[in-house]
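A.B. asks: Only the shape, not the letters, is given here:
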């Protein structure tokens, strides 16, 4: 009976220690802050080789080039979807994607894409996250989230704005201006 009491006490003590450690890690986890810039600023400093393809880039076409990696790194940091090192951030997109389209698929897609970004070379992390999301079943919601965040960061919509047809109208106006034939 004494052995059982000691075992239960030690087990409870271990559980308390684990919970406290998890809680303190949660409390002290550094939440990255807005990294600055806008998509327009990223487009202004993009490489000449990519500027010719700006319309295609804005339509989410992927190019496997170092210039594209740099541009997407800039853009994903501007919309605040990645950490400073370019690694995808699950928490910055999960609620936004589900606000646009409530679905369990976003959870697994974000987990997968964060993992791919962590496995990528340092200069390709943001691009790996971006590419993975565009190839996932969350692609449509991701594009809408990206467009919404682009407009908010450019002060064309107020912070806290939810996705609506207004986002599509404003993006069409911007894209039509850039993609003039």
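C.D. replies: Everything's here; your move. Bear in mind the structure is a predicted one, so any value in this text is a computation, not a measurement. Residues are numbered from 1 along each chain as shown.
A.B. asks: tell me, what residue is most central in this structure?
C.D. replies: Taking C-alpha atoms, centre = their mean as the criterion, residue 81 is the residue nearest the geometric centre of the chain, at 2.7 Å.
A.B. asks: I'd assumed residue 92 was in contact with that residue.
C.D. replies: Yes - with contact defined as C-beta atoms under 8 Å, residue 81 counts as touching residue 92 (5.4 Å). Every C-beta, even on glycine, is put in place using the N, C-alpha and C of the backbone.
A.B. asks: which residues are in contact with stretch 148-162?
C.D. replies: 37-40, 78-81, 96, 99-100, 163, 166-167, 170-171 (C-beta atoms under 8 Å, 6 or more residues apart in numbering).
A.B. asks: Drop anything exposed from the residues you listed.
C.D. replies: Using 16 or more other C-beta atoms under 10 Å as the burial test, those include 37-39, 78-81, 96, 100, 163, 167, 170-171 as buried.
A.B. asks: what does stretch 95-105 rub up against?
C.D. replies: For stretch 95-105, contacts defined as C-beta under 8 Å, 6+ apart pick out 106, 110, 136-138, 140-142, 144-145, 148-149, 162-163.
A.B. asks: Among those residues, which lie within helices?
C.D. replies: 106, 110, 140, 141, 142, 144, 145, 148, 149 (DSSP state H).
A.B. asks: could the residues you listed go into JSON lines alongside neighbour count and distance to residue 158?
C.D. replies: Listed next are those as JSON lines, based on neighbours: other C-beta atoms under 10 Å; distance: C-beta to C-beta, whole Å:
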{"residue": "106", "neighbour count": "25", "distance to residue 158": "25"}
{"residue": "110", "neighbour count": "24", "distance to residue 158": "26"}
{"residue": "140", "neighbour count": "13", "distance to residue 158": "24"}
{"residue": "141", "neighbour count": "24", "distance to residue 158": "21"}
{"residue": "142", "neighbour count": "26", "distance to residue 158": "22"}
{"residue": "144", "neighbour count": "20", "distance to residue 158": "17"}
{"residue": "145", "neighbour count": "26", "distance to residue 158": "17"}
{"residue": "148", "neighbour count": "24", "distance to residue 158": "12"}
{"residue": "149", "neighbour count": "24", "distance to residue 158": "13"}
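A.B. asks: Cheers, nothing more for now.
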